[in-house]
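Engineer: okay, predicted coordinates and the sequence, questions at the end:
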Amino acid sequence: MTAGVTGRDEQTSWPAAIIGAVRNILGRPLASFHLVLAMAFFLTAFGLVMVLSASSVEGYSKEGSAYGLFTTQMTFAVLGLVVFYIMLRLPIRLIRRAAAPMIVITTVLLALVLVPGIGTLSQGARRWFVIGGLSVQPSELVKVALCVWGAHLLASRRRDNASLRELLIPLLPVAALICLLIILEPNLSTTITVAIIVGALLWFAGLPLRVFAGFVVTGVAVAVVLALAEGYRSERVRSFFGAINDPQGAGYQARQATYALANGGIFGVGLGQSRAKWNYLPNAHNDFIFAIIGEELGLIGGLLVVGLFALLAFLGLRIAARSVDPFIKLMTATITVLITAQAFINIGYVVGLLPVTGIQLPLLSAGGTSTLTILAMLGLLANAARHEPDAVAALTASGPVRVSRLLRLPTPVPYHPSRADRLRDRLDQRPRDRRGVEAGRSGWRRPRDKPERGQAPRPRVSSRGSSYDLLTSGARRGGASSRRGDVSDTIGRRRAGVDATVDNRSRRADARRATQQERWWRS
């Protein structure tokens, strides 16, 4: 009897021990930083191995060498690691200053690639520059620039009562221009990823749900029109919905990917032993590399890839929630959504859950510029992880740890909001009338809540902030120590009743001064 109870106790203690170990690891100040580093290097190395395996046959048949495509991918991976290191070392303030030049330069490159003689025409599309024998795709570079610039723009305009025009302009017109230039290449898959970036930025910035739903519906409608406008895109969509049953035509790629996954089974046929890559599955090293992973490594390998991207999504949103800098919040959340959305869209159409779109699997598919940009984004993510309040406190108190000393990383600077940001925070934290809040959330105001003639209008209350509050909840807990002075000042003023006695006219004057100071700081 005693032995049976002991056995049950040991069985029940294993899950508790695993959960405790995971909590212990995640509870360390630099856990997010170390995990992002490990994910970046592991995915890069794993991607190189799979690109070598998937491209060897096609490379030998076209170029006479099984290592041609792998050498190009290796070159971009090394360049991407250099960019990763640069992004990891850059101060946050310098990244914000470079946001506007980045978006301008990449947009100009998008326009130049369309010019005959400058951009390279390949397979009916003009998307690449050839520099030193390497193809560079500016539509991939603009993703990083848009993530950084959009986060900088919306973080500069953050406040609960920001108008809809302030959230959408100039972000939406610039994004529309970028999408137009990419459509002219043409490149529908990258247009979808740009729409994902803009949608993530607006969602985490607190766009009203009705407007966000309208944005999503409009984007889906435009994507459907563009998909049906081109012949091969229309055939892919119709084949997915069963309107075309042509196994040797529009549905050939998807069918061969299904055969490859089925051939892999649970444990796979072995690394390098795929049959689909022998010219049965087109673009096996690029868009459909997940099918090769499933065939060679089986269901276990496929679940490992899905688990890695799910872990990356958790880490990115965790970093965003624990950060206190609004710019870091928006940038890391948007980068996380972009990378994971690309991964699951690719996996979705390989396994037959979505129509084929041509979106690559980040760091695993062959694609030089895509690998470069994803590593740049992960470098920004790792940089943001070092700026978590607990990480800053640990690195400031005990000095650089082993990894930071090895990489010669500078000590992160704690976040200090500007004078305009502090004033805006105090304005946002003032108590409001409860009935006004409820009316603002419902979108209408009862007649008795209307201001009487001669009375100052009530302060505008917005329903935005639910998604932004989701990110700031953890930051309020994690950043309490770094913002203790500002919080104590605010609490003192609220206790003294100063905020309760300030009228609407002084609030508008404070807001004008904050805007002027913010413009002065930007200039």
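Structural biologist: Now that the structure is in, tell me what you want to look at.

Engineer: now the strands for the stretch 101-250 of the chain?
Structural biologist: Counting by DSSP state E, counting those that start in this stretch, the stretch 101-250 of the chain has strands at residues 120-122, 125-131, 134-136.

Engineer: hmm, who's touching the last one?
Structural biologist: Okay, so that is strand 134-136. For strand 134-136, contacts defined as CB atoms under 8 Å, 6 or more residues apart in numbering pick out Thr72, Thr75, Phe76, Thr120, Trp128, Phe129, Val130, Gly368, Thr369. Quick note: C-beta positions are derived from backbone N, CA and C, even for glycine.

Engineer: tell me how far the last one lies from Glu58.
Structural biologist: Separation of Thr369 from Glu58 (CB to CB, to the nearest Å) stands at 20 Å.

Engineer: next: the fifth one.
Structural biologist: Between Trp128 and Glu58 the distance, using CB to CB, works out to 19 Å.

Engineer: show me the contacts for Ala384.
Structural biologist: Ile319, Ala320, Ser323, Ile328, Met331, Thr332.

Engineer: same thing with Leu171?
Structural biologist: Listed by CB under 8 Å, 6+ apart, the contact set of Leu171 reads Gly150, Leu153, Leu154, Val198, Leu201, Leu202.

Engineer: please narrow these to those residing in helices.
Structural biologist: Of these, the ones assigned to helices by DSSP state H are Gly150, Leu153, Leu154, Val198, Leu201, Leu202.

Engineer: mean pLDDT per helix and strand in the chain: which one sits at the bottom?
Structural biologist: helix 434-442 (a mean of 41; mean pLDDT, DSSP states H and E).

Engineer: residue ranges with poor pLDDT in the stretch 51-200 of the chain?
Structural biologist: Along the stretch 51-200 of the chain, segments meeting pLDDT under 70 span 158-162.

Engineer: which stretches in it count as helices?
Structural biologist: Under the criterion DSSP state H, counting those that start in this stretch, the stretch 51-200 of the chain contains helices at 68-89, 92-97, 99-112, 138-156, 164-168, 171-183, 188-205.

Engineer: Glu388 - nearest residue in space that isn't next to it in sequence?
Structural biologist: Arg322 (4.8 Å; CB to CB, 6 or more residues apart in numbering).

Engineer: with Thr334 instead?
Structural biologist: Spatially, and ignoring its direct neighbours in sequence, Thr334 is nearest to Ala200 (4.4 Å; CB to CB, 6+ apart).

Engineer: isn't Tyr259 up against Ser274?
Structural biologist: No: the pair Tyr259 / Ser274 is not scored as a contact, 11.1 Å apart, by CB atoms under 8 Å.

Engineer: with neighbour numbers in mind, choose between these two.
Structural biologist: Set Tyr259 next to Ser274 and count neighbours by other CB atoms under 10 Å: Ser274 wins out with 28 against 16.

Engineer: tell me the SS of that one?
Structural biologist: Assigned by DSSP: H, G, I helix; E, B strand; the rest coil, the conformation of Ser274 is coil.

Engineer: ok, now which ones touch it?
Structural biologist: Neighbour list for Ser274: Ser53, Ala54, Ala260, Ala284, Ile292, Glu295, Glu296 [criterion: CB under 8 Å, 6+ apart].

Engineer: now do it, the pLDDT please.
Structural biologist: On the pLDDT scale, Ser274 is placed at 93.

Engineer: ramachandran coordinates for it?
Structural biologist: phi -70, psi 140 (degrees, to the nearest 10).

Engineer: measure it to Leu261 for me?
Structural biologist: Counting by CB to CB, the gap from Ser274 to Leu261 is 11 Å.

Engineer: on that earlier part again, mind checking which of the contacts of Ala384 land in helices?
Structural biologist: Ile319, Ala320, Ile328, Met331, Thr332.

Engineer: any idea how far the residue nearest to the fourth one when sequence neighbours are not counted lies from Gly20?
Structural biologist: Once its chain neighbours are removed from consideration, Met331 has its nearest residue in Ala151; the separation is 3.8 Å (CB to CB, 6+ apart). As for Ala151, its distance to Gly20 is 35 Å (criterion: CB to CB).

Engineer: over to Arg210?
Structural biologist: For Arg210, the distance to Gly20 equals 44 Å [CB to CB].

Engineer: again, but for Leu109
Structural biologist: 50 Å.

Engineer: look at these two and report which has more neighbours.
Structural biologist: The neighbour comparison of Leu109 against Gly20 (other CB under 10 Å) goes to Leu109, with 20 against 11.

Engineer: work out which residue lies at the spatial centre of the protein.
Structural biologist: Closest to where the C-alpha atoms of the chain average out (CA atoms, centre = their mean) is Ile335, at 1.8 Å.

Engineer: contacting residues around that residue?
Structural biologist: With contact set as CB under 8 Å, 6+ apart, Ile335 has these partners: Cys147, Gly316, Met377, Leu380, Leu381.

Engineer: for the last one, what is the enclosing helix or strand?
Structural biologist: Using DSSP states H and E, the secondary-structure element containing Leu381 is helix 368-385.

Engineer: show the subsequent helix or strand relative to that helix.
Structural biologist: Per DSSP H and E, the helix or strand that comes after helix 368-385 is helix 389-398.

Engineer: circling back: which strand or helix spans the residue nearest to the centre of the chain?
Structural biologist: helix 326-350.

Engineer: hmm, Thr190 is touching Leu181, no?
Structural biologist: No: in terms of CB under 8 Å, Thr190 does not count as a neighbour of Leu181; the distance is 10.3 Å.

Engineer: picking that back up, what is the nearest of the contacts of Ser274 to Gly68?
Structural biologist: The shortest approach to Gly68 among the contacts of Ser274 belongs to Ala54, at 13.0 Å (CB to CB).

Engineer: for the closest one, which non-adjacent residue is spatially closest?
Structural biologist: His285 is the one closest to Ala54 (CB to CB, 6+ apart), at 4.0 Å.

Engineer: list the contacts of the one you found.
Structural biologist: Val51, Ala54, Ser55, Glu58, Leu69, Lys277, Ile292, Ser365, Ala366.

Engineer: what do you get for His152?
Structural biologist: His152 neighbours (CB under 8 Å, 6+ apart): Arg96, Ala99, Ala100, Phe327, Met331.

Engineer: quick one: the second one from Gly272, how far?
Structural biologist: With distances defined as CB to CB, the gap from Ala99 to Gly272 amounts to 43 Å.

Engineer: compare those two (neighbour count), which wins?
Structural biologist: Shown here are Ala99 and Gly272; by other CB under 10 Å, Ala99 has more neighbours (21 against 14).

Engineer: got any ranges where the stretch 401-523 of the chain has weak pLDDT?
Structural biologist: Residues of the stretch 401-523 of the chain meeting the criterion pLDDT under 70: 419-523.

Engineer: now stretch 354-373: how far from the chain's centre is it?
Structural biologist: Between the centre of stretch 354-373 and the centre of its chain there are 14 Å (CA atoms, centre = their mean, to the nearest Å).

Engineer: I appreciate the help and will end here.
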